[in-house]
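Engineer: Just a sequence and a predicted model for now, questions to come.
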Amino acid sequence: MKRSLTNLCFILAIACVMWLSSPHLFTNAANSSASPPTSNRQSKIQNSIAWRDLPATDTSKFEKAIAPRSWHFPDDFGAHEDYQTEWWYYTGNLETAEGREFGFQLTFFRQALSPGKPVSASHWRSNQIYSAHFTISDIASDRFYPYERFSRGVVDLAGAAANPYHVWLEDWSASEIEPGVVRLQAQTSDVALDLIVNQTLPPVLQGDRGLSIKGVEPGNASYYYSLVQQPTTGTITVKGKPFTVSGVTWKDHEYSTSSLSPGTVGWDWFSLQFNNGSALMLYLLRHEDGTPERTSAAMFVSPTGELTPLTPQDWTLEVLNTWKSPQSQATYPAKWVLQIPQLNLAVQGQALMPNQELNTSTATYWEGAVAFQGSLQDQPIKGKGYVELTGYADRLDTILSASAP
Amino acid sequence: MTAVISNRPLWRLAWQRLRQRPLQYLLCIVGIALGVAMMVSIDLANGSAQRAFSLSTDAITGRATHRIEVIAPTGVDESIYSQLRRMRHHSPMAPVVEGYTLVEELGAQPMRLVGVDVFVEAPFRSYFGDDERLDAQSVQLLTEPGAIVLSQDLATQYDLKLGSELHLDIAGQHRTAQVTGIVAPNDTLNRRALSNLLFTDIATAQELLGQVGRLSHIDLIINQPEELQAIAAALPTGLKLETAEAQKNAVQQMTAAFELNLTALSLLALVVGMFLIYNTVTFSVIQRRPIFGILRCLGVTQGQLFTLILAEAALFSVVGSILGVGLGIVLGRSIVGLITQTINDFYFVVSVQQVTLAQSTLFKGLTVGVAAALFASALPALEAMNTAPSLILQRSTLEGKVQKLLPKLALLWVGLTLAGVALLRWQTGGLIAAFSGLFAVLLGAALLVPPLVSLGMKALASVGYQVAGVLGRLAPRDIVRSLSRTSVAIAALMVAVSVIVGVSIMVGSFRGTVVQWLDQTLQADIYVSPPTTTANRVLGKLNPEIVETLKTWDGIRLAVSYNDADVRVVDFDRQAKLISADGDVSQGKRPYAWIRPDLGADPWKALDTGSGAIISEALILRENLASPPETITLETPEGDRTFPVLAVFYDYSSDRGTIILDNDLYTALWHDDRVASLGLFTAPDVSVEETVAVIRTHFKGRQDLLVQSNRSLRQGSLEIFDRTFAITSALRLLAVVVAFIGVLSTLMSLQLERTRELGILRAMGMTPRQLGTLTLLETGLMGTLAGIFAMPLGFALAWILIYVINVRSFGWTLQMALEGRYFWQALLVAIAAALLAGLYPALRLGRMNIATAVRQE
């Protein structure tokens, strides 16, 4: 009896020690004492989250770009929420008095998650998602500063108003300060821009009176106009150092309810502004096999504003050189020769710096400042502009068919 | 001592002893185990509640360094957020809307519902994708009303899947939501933190919580001082920029006093346990005195002897402590619910899904257990060590020494009691000093037991002879003869019983005070409030339409409305409860601790005109103020405002302090005209119960209202009170169990040790029955003595608890209410415990074999 009691005692004690020292008990406590609760400030935590399957967005309730429409400015500067997607795209090439070059992109996107307006007591409920991309290309120091932001089109966080014209996402904005004059503002911890952009020409209606066909399917098109050759002055700040700059800005405004035709993987899009006052917009939709989509198009704008629409048959575009992105491993065209016999235009151009790739939540693409030179009607011309190259890192037709912004 | 000498024979000796008397050691181990278990369980439960709260707070705070908060209780106007957003600065900023909800599918416990904006979450919290990219799927939070994200652990525990419906109860409003995302954090800390949280979009949170247009706060990550200044400067009045830490600390300080009280109570058990250890070790020493004497004669050094005794104590204290920690963990799991309930009732909402086992808790339990055992064993060990070998061999020397010690013990008692009183009177010493004083008084009283027993028994011996003959004389003399052992047992029992007396008086007085206070304060016939997520505090607000309807309800003579909010008292730099009232629910019957002399008997008229504030006594007592301050300065959305203090009232519903302001004043300064509760006075000839029923039917379906009659509200309040003290009762019971084990082990050893002596008595012709009676008489006497000594000590304890500990911990003055039953119940417990402990030896002795007993050794 005595022996068994003693034995029981020891067995209990040993069991206790074993239980207490088993690792699972101590892991939590060890975590808690060793690392203060804020330790996740340093370490990046990858939480996995499982979402309910997104219901497919019913795009049939959205308006579609089917036929040419009549435009009403300034109303059409604002948002067209009946269409699913819309963007206001500012790109520009600037330089200081000493000739130090900069490029910038400030783009506002609107994406409707569903048609119609949601009914809700909360002002935060919205199906209008805004996102914005802001980049500065500091050519002289070969530094590219890309940024991305998201917000929703409510409680004044983001939005697009027509009159007075104002498109903004938090403290990034394009706002009319007087008719025809728009102030662009954007800042991040590293760079900032504050520019005054003057509209000199009436809006250039792209495609057929502003209806820009992107695919053979009806409705696979957008309403699209551009403001080109806009003289721009202001300040670009890089790492706290301000630069007074001037140059030209290109604005595109486009809205649609469309996706790329299956098999179209991306596009090459050019906006060139020449020193004689003319401008060229050209987009080339690329098929999987590398051939161009026949709905690709271009528009030449003369210094006085006369328009010449062009089709793929009218031009030849040859890639002379490529650049492989160390981040995405995608290979992008980096040097081109463009010939448009009908206009007697032959120019050769290249990226002002190779790495102008954006890695955004939605897609990875290249959008950067370029320079072209050559001849127009046997006169030498020079031009600067922006080129957008999509579908090289990931296929755009699949991305765009998802309803995410 | 040289290295050649081996201690092994000594260890064998100890082992021999252990095998001969396992029961004694077993009881001792159980004593230590129970003492340690109580401490560990309280520590564990406190720690788990705190940790659950701080984890979920951290999970919500994320990487935020600062937050913008609003002084008014209505929340931050959302337009301020968009203004700040459009300002030029680079600090990440995120809006948060949060509140509490009960979810039927999640066991109906309070959960923290946190509304965020996924677009700006990334710098703060990583629950919706990684730090840089937005998870495209997360946008469905925006479009799906009622979309909720919860943790994998919760989903598994409650068997929820993507798409499962959730039924939420938010301050009585029933809403439906569905599980849209399940997040599985990859580290344990985050996983645990999330088990209290439900995430949703800010729009959904606003809708569900009824906070449209308002944010709870705005999180910020600010690394540059210039940004901090710029943002602070841009804030409109009524908003403040605080560090994320400040908020957390403020919440945790609220429960500090409550937790310290529980810890101190758990230490009482350990003190009782120490008596037990002292007892056992003393016994083992005394019983082995002959052997020790021989050993010393054989050349065993004093040091070796000391080591031997302490090593024995260390061994069973380690075993006991380990068992105690194990038991404490088990106990802690069951009392964590009780503690959480109290914290929810009085302080903040927390739900503990998992008991947190901190290494420090285990370490503390083991260390305190072993240290207490070693300390208690040191005295007998020293005694054995310092006695000359020739004297050790004489059994009588020890008792002789004890007799000589008696005057010194009495002196020590005086000293300790004076020290205790000094500690108790030390105003600025805080709670720790108060509890130290309490323990000093308690220990002092224990030291007084031997002299008192000696005196008492000597007196009783002559009386006993006349009453019960030889047995009546034998019993008291036996007790005095073994004073070194009997007095310890009596002291242990006395301490335990005095704890029962003291705590019973305190709880009884407390309850009496609260009942009276409720009777005086709650004069309205019907009380209307939103059903609350916690029992004591009203978290929601009443629908304004309902308030209007009820104010003009048929048969209602008068309606007074109340609203409450948290407020920072600038003078004392701490948070308090602010009540805005448009009338006195007590109708002037409320007692006041102090009224400004010029106001007469009822300060409410002055309050009604907005000429000052009425503050609760807790505010003064917890700040150690000698007299009520002339004015009190509060932080208001309009800046700091100073109000004259009109009166000081009693409030047992909050230990943080309460300030009452007139509702007009409050609305003007805090911009909050909501009503949290209504007190309705019925017309003279109207039935209260019927009106309650009619109001309930009328508002059925619109909003769940809590409509209570005066009686049911009082009942509910007392239920909370009793629940709060449930844990105290549990601790009290444990202390008794420890004491009982102590008495049992002491008495059994005492009786068994005397086998030879009793054998002689039997041989001389004493019947087994007489022997049994003698044993029971002795233990009964000891129990009675312990019970009698416990009464004044218990009263002293109660006095200290009521007038020192409670005042310092919670700022409440209680009226001491003495009831006879506290005392006679305690006496009964003491005698019963002692008699029960004597039963086994008495039975065993009855069956003794005289020859063997006499031949022993």
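Structural biologist: The structure has been received and is ready for your questions. Numbers count the residues shown, from 1 in each chain, chains lettered A, B, ... in the order given.

Engineer: okay, CA-based contacts and neighbour counts for the rest of this
Structural biologist: Fine.

Engineer: Report the buried residues of the longest strand seen in chain B.
Structural biologist: If you go by DSSP state E, chain B has its longest strand at strand B:556-569. Across strand B:556-569, burial judged by 16 or more other C-alpha atoms under 10 Å in any protein chain shown covers B:Ile556, B:Leu558, B:Ala559, B:Val560, B:Ser561, B:Tyr562, B:Asn563, B:Asp564, B:Ala565, B:Val567, B:Arg568, B:Val569.

Engineer: tell me what that strand is packed against?
Structural biologist: Packing partners of strand B:556-569 (3 or more C-alpha pairs under 8 Å, 6 or more residues apart in numbering or on different chains; DSSP states H and E): helix B:544-551, strand B:574-581, strand B:631-636, strand B:677-682.

Engineer: May I have the second one as PDB, with CA atoms only?
Structural biologist: Yep, that's strand B:574-581 we're talking about. Coordinates of each C-alpha in strand B:574-581 appear next as PDB, following Å, rounded to 0.1, in the frame of the first residue of the first chain:
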ATOM      1  CA  ARG B 574      -7.200  59.300 -16.300                       C
ATOM      2  CA  GLN B 575     -10.300  58.000 -17.900                       C
ATOM      3  CA  ALA B 576     -13.700  58.000 -16.100                       C
ATOM      4  CA  LYS B 577     -17.300  57.400 -16.900                       C
ATOM      5  CA  LEU B 578     -19.300  60.400 -17.900                       C
ATOM      6  CA  ILE B 579     -23.100  60.400 -17.400                       C
ATOM      7  CA  SER B 580     -25.400  62.900 -19.000                       C
ATOM      8  CA  ALA B 581     -28.700  63.100 -17.300                       C
END
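
Engineer: Packing partners of it?
Structural biologist: strand B:556-569, strand B:658-662, helix B:663-670.

Engineer: which residues touch the very next helix or strand once past that strand?
Structural biologist: Using DSSP states H and E, the next helix or strand after strand B:574-581 towards the C-terminus is strand B:592-595. With C-alpha atoms under 8 Å, 6 or more residues apart in numbering or on different chains as the test, strand B:592-595 has contacts from B:Ala601, B:Asp602, B:Pro603, B:Glu617, B:Pro628, B:Leu646, B:Ala647, B:Val648, B:Phe649, B:Tyr650.

Engineer: End to end on stretch B:512-529, go ahead and measure it.
Structural biologist: 26 Å (C-alpha to C-alpha, to the nearest Å).

Engineer: Quick check: mean pLDDT of it?
Structural biologist: Averaged across stretch B:512-529, pLDDT comes to 86.

Engineer: now swap in stretch A:69-80 and tell me
Structural biologist: So the average pLDDT for stretch A:69-80 ends up being 91.

Engineer: before we move on, what about stretch B:615-633?
Structural biologist: 87.

Engineer: Pass me the low-pLDDT residue ranges in the stretch 1-150 of chain A, would you?
Structural biologist: By pLDDT under 70, the weakly predicted segments of the stretch 1-150 of chain A are A:1-47, A:55-56.

Engineer: Show me the strands in it, by range?
Structural biologist: Assigned by DSSP state E, counting those that start in this stretch, the stretch 1-150 of chain A shows strands spanning A:48-51, A:85-95, A:101-112, A:128-138, A:143-152.

Engineer: what lines up beside the last one in the sheet?
Structural biologist: If you go by DSSP bridges, strand A:143-152 pairs up with strand A:128-138 (antiparallel).

Engineer: can you check the second one too?
Structural biologist: Based on DSSP bridges, the pairing partners of strand A:85-95 within the sheet are strand A:101-112 (antiparallel), strand A:241-256 (antiparallel).

Engineer: Any chance of TSV for the ones you listed, columns mean neighbour count?
Structural biologist: What follows is those, written out as TSV (neighbours: other C-alpha atoms under 10 Å in any protein chain shown):
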stretch	mean neighbour count
strand A:101-112	25
strand A:241-256	21
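
Engineer: and of those, who's closest to B:Thr755?
Structural biologist: Using C-alpha to C-alpha as the measure, strand A:101-112 is the one of the strands paired with strand A:85-95 that comes nearest B:Thr755, at 94.7 Å.

Engineer: So what touches that closest one?
Structural biologist: Outside strand A:101-112, the residues within contact range by C-alpha under 8 Å, 6+ apart are A:81, A:83-95, A:127-140, A:167-169, A:186, A:368-369, A:404-405.

Engineer: same thing but 7 Å
Structural biologist: Contacts to strand A:101-112, defined as C-alpha atoms under 7 Å, 6 or more residues apart in numbering or on different chains, come from residues A:84-95, A:127-140, A:369, A:405.

Engineer: shaky segments in the stretch 301-405 of chain A?
Structural biologist: Regions of the stretch 301-405 of chain A meeting the criterion pLDDT under 70 cover residues A:396-405.

Engineer: Spell out the residue ranges of the helices in it.
Structural biologist: A:396-401 (DSSP state H, counting those that start in this stretch).

Engineer: could you pull out the strands for it?
Structural biologist: Using DSSP E, counting those that start in this stretch, strands in the stretch 301-405 of chain A cover A:307-310, A:316-324, A:331-340, A:345-351, A:357-359, A:364-376, A:379-389.

Engineer: Next, format those strands as CSV and append distance to chain B.
Structural biologist: As requested, these are arranged in CSV below (distance: least, C-alpha to the nearest C-alpha, whole Å):
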stretch, distance to chain B
strand A:307-310, 37
strand A:316-324, 23
strand A:331-340, 23
strand A:345-351, 27
strand A:357-359, 9
strand A:364-376, 12
strand A:379-389, 21
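
Engineer: Report the secondary structure element holding B:Leu366.
Structural biologist: helix B:359-386.

Engineer: so is B:Asp554 in a helix, a strand, or just coil?
Structural biologist: coil (DSSP: H, G, I helix; E, B strand; the rest coil).

Engineer: ditto for A:Pro164
Structural biologist: Following three-state DSSP, we place A:Pro164 in the coil state.

Engineer: Quick check: phi and psi on it?
Structural biologist: The phi and psi values for A:Pro164, taken as degrees, to the nearest 10, are phi -70, psi 150.
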